[in-house]
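Peer 1: Provide a 3D model corresponding to the input given below.
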Amino acid sequence: MGIGVEENWDHLCKGSSGVGPITLFDADGFRTKIAAEVKGFNPEDFMDKKSVRRVDRFIHFAIAAARMALDHSDLEIGKTNPERVGTYIGTGLGGLQSLEYFHTVLQEKGPQKISPFFIPMLIGNMAPGQISIMFGTKGPNLSVSTACAAGSHAIGESYKLIQAGLADVMICGGSEAVITPLALGGFCAMRAISERNDEPEKASRPFEKNRDGFVMGEGSGTVILESLEHAQNRGARIRAELIGYGLGSDAYHMTAPAPQGEGAGRCMKLALESADLAPEMVDYVNAHGTSTDLNDLSESQAIHSVFGSHAKTMPVSSTKSMTGHLLGAAGGVEAIFSVLTLEREVIPPTINYEEPDPEIALDVVPNKARNARVNVIMSNSFGFGGTNACLIFKRWDD
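Peer 2: The predicted structure follows:
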C-alpha cells in the first residue's frame, strides 16, 4: 500500500486495497491474475547500486525496512555495543525469484552463466546477514522459516533472546517477495488463492461469507525490540511494550488447521499466560484472517474458545483484507500495525465485508476504521505445517 509507516497507515485507515493485476510477470495463463505487489519501490533509495544487483528482492525489502526502523528509533549502532545488537528476520520462501531466474539461465545458457551470487541471493538467512553487514550488528544473527508465522516467530524469539540476556537490542521482523510464476502456479494448484480477477480490490475478504481464498502479497515489516533498561538509558521513544509470546504446533495436517482451531487457541492461551493476562484484558485482536474458508473459520472458533463471552464484543480485524497475505512477512507488518493502533487509537477495518458468515460471530470492524483507545493487542500468525505464533503488545506507560 506504500513505502514506509505513514503511507501504509494512511491507506489502512482509509480502507484502501493494495490488490491489483499482477505486473511483475505475464499472468495470463494462470487461474489467478492478481496480487498485492509493492508499488513505487526503488531499492537504490536504501542501498548502493552494486549491492542491489547482488541480492534478491526479499533482501531489498528487508534492508529497506531495517533502515526505516533504525531511522524511526534513532538507534545508532556505533553509539551502543554492536555485540549486543542482533538481527532476526523470518521468511517463508526466501529468494524464490532468484531461484526461478537462474534456473532459466541454466537451461538456456548453461551452468557457466550462473552468478556466483546466486546461492547468497537464495538462502533465507542472508536477509539478517546483509542487515548485519550493512549496519554493523555483531549480536545474534538468525533467520526463521516457519511459513506464514515466520515474522511473528522472529519477533517472539528476539523477545526471548533479550529476556535471556543474550542481546540488548534486536532488529526483527519478516520479509517476503514471492509473487513469481512458480509460487503463483503452486498456490493456484492448491486452490488456495482468490480467483476474483475482475474485482481485485475486493478479492481479499477475511471472515466474509463469499471469500474464495487469500491474495498473495509481498513486502517487509521490521521493528526495533529493546530491553527496557537499554531503551531508557539511551532516551529512546518507547512506542509499545511486548509482553507476551506463544507458539506451538497443530500436529494435524500439512496445510489445513486443526479442527475447531485447537492449535491456534492453545497458542493464544500460552501467549496470555506468558503475559499474565486474563482474556478479557485484551482489547483488540489483529487476526491472521487470510480470507480462506478453513483458516478464517478455525481462527474464529479458536478466539471463541479462548475469550468466551468477551469474543462477542472484542474487535477482531484482518489487515490482510488490504495488504493481501505477505506470508513470512505478515507477522512483522502486522506487529507494526498493532503498535500503531495502540499509539494512534484507531483500529484498522476488515474491508470487503458485505455478507456475514453465519458461522463466524465476530466484530470484524467491517469496512471502516474505528476510533478507539486500546491498551492490549493480540496479533496472530499461523502457518503451513501447523506452526502457530501469537504476540501480545501493550500500550507503554512509564
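
Peer 1: C-alpha only now, for contacts and for neighbours.
Peer 2: Will do.

Peer 1: Which helix or strand lies directly C-terminal to the helix or strand hosting Ala35?
Peer 2: Using DSSP states H and E, Ala35 maps to strand 34-35. Sequence order places helix 49-54 as the next helix or strand after strand 34-35, per DSSP H and E.

Peer 1: ok, residues contacting the following helix or strand past that following helix?
Peer 2: Downstream of helix 49-54, the next assigned helix or strand under DSSP H and E is helix 57-73. For helix 57-73, the surrounding residues in contact (C-alpha atoms under 8 Å, 6 or more residues apart in numbering) are 4, 43, 46-47, 52, 76, 89, 94-95, 97, 126-128, 130-131, 171, 174-178, 219-224, 236-237.

Peer 1: list the buried ones in helix 57-73?
Peer 2: Buried residues in helix 57-73, counted by 16 or more other C-alpha atoms under 10 Å: 57-70, 73.

Peer 1: Now it: average pLDDT?
Peer 2: Taken as a whole, helix 57-73 carries a mean pLDDT of 98.

Peer 1: quick one: the following helix or strand past that helix to helix 57-73, angle?
Peer 2: The helix or strand immediately downstream of helix 57-73 is strand 85-90, counting by DSSP H and E. Interaxial angle, strand 85-90 versus helix 57-73 (axes from the mean of the first three to the mean of the last three C-alpha atoms, to 10 degrees): 140 degrees.

Peer 1: Quickly run through the sheet partners of strand 85-90, with directions.
Peer 2: Its sheet considered, strand 85-90 pairs with strand 141-144 (parallel), strand 169-176 (parallel) by DSSP bridges.

Peer 1: and among those, the most buried is which?
Peer 2: Highest mean neighbour count among these (mean count of other C-alpha atoms under 10 Å): strand 169-176, with a mean of 33.

Peer 1: Going along the chain from that strand, find the next helix or strand for me.
Peer 2: By DSSP H and E, the next helix or strand past strand 169-176 is helix 181-190.

Peer 1: buried stuff in that next one?
Peer 2: Pro181, Ala183, Leu184, Gly185, Phe187, Cys188.

Peer 1: could you pull out the strands for the stretch 251-398 of the chain?
Peer 2: Assigned by DSSP state E, counting those that start in this stretch, the strands in the stretch 251-398 of the chain fall at 284-286, 316-317, 346-347, 370-371, 376-383, 387-394.

Peer 1: for these, which one sits closest to Phe207?
Peer 2: strand 316-317 (9.0 Å; C-alpha to C-alpha).

Peer 1: ok, Ala192 touching Met216?
Peer 2: No - look at Ala192 against Met216 with C-alpha atoms under 8 Å: they stay out of range, at 10.0 Å.

Peer 1: If you count surrounding residues, which of those two has more?
Peer 2: Regarding Ala192 and Met216, a neighbour count based on other C-alpha atoms under 10 Å identifies Met216 as having more, with 27 against 17.

Peer 1: How much space separates that one from Gly18?
Peer 2: Computed as C-alpha to C-alpha, to the nearest Å, the Met216 to Gly18 distance reads 11 Å.

Peer 1: what touches both of these two?
Peer 2: In contact with both Met216 and Gly18: Ala36, Gly324, using C-alpha under 8 Å, 6+ apart.

Peer 1: number of nearby residues for Gly110?
Peer 2: Gly110 has 12 neighbours, counted by other C-alpha under 10 Å.

Peer 1: which helices and strands sit right next to the helix or strand harbouring Ile119?
Peer 2: According to DSSP H and E, Ile119 maps onto helix 118-122. When contacts are defined as 3 or more C-alpha pairs under 8 Å, 6 or more residues apart in numbering; DSSP states H and E, helix 118-122 packs onto helix 96-109.

Peer 1: what does the helix it packs on rub up against?
Peer 2: For helix 96-109, the surrounding residues in contact (C-alpha under 8 Å, 6+ apart) are 56-57, 111, 113-115, 118, 121-122, 177-180, 182.

Peer 1: Then stretch 242-251?
Peer 2: Outside stretch 242-251, the residues that touch it by C-alpha under 8 Å, 6+ apart are 153, 156, 159, 257-258, 262-264, 266-275, 385-394.

Peer 1: And the helices in the stretch 201-350 of the chain, which stretches?
Peer 2: 228-233, 262-275, 293-307, 320-323, 330-344 (DSSP state H, counting those that start in this stretch).

Peer 1: hey, which of these is tucked in deepest?
Peer 2: In terms of average neighbour count - mean count of other C-alpha under 10 Å - the standout among the helices of the stretch 201-350 of the chain is helix 320-323, at a mean of 30.

Peer 1: how long is stretch 342-358 end to end?
Peer 2: Start-to-end, stretch 342-358 (C-alpha to C-alpha) is 30 Å.

Peer 1: Thr91 versus the residue nearest to the spatial centre of the chain, what's the distance?
Peer 2: With distances taken as C-alpha atoms, centre = their mean, Ala330 lies nearest the centre of the chain, 1.5 Å away. Using C-alpha to C-alpha, we find Ala330 at a distance of 9 Å from Thr91.

Peer 1: For those two, list the residues in contact with both.
Peer 2: The contact sets of Ala330 and Thr91 overlap at Gly151, Gly174 (C-alpha under 8 Å, 6+ apart).
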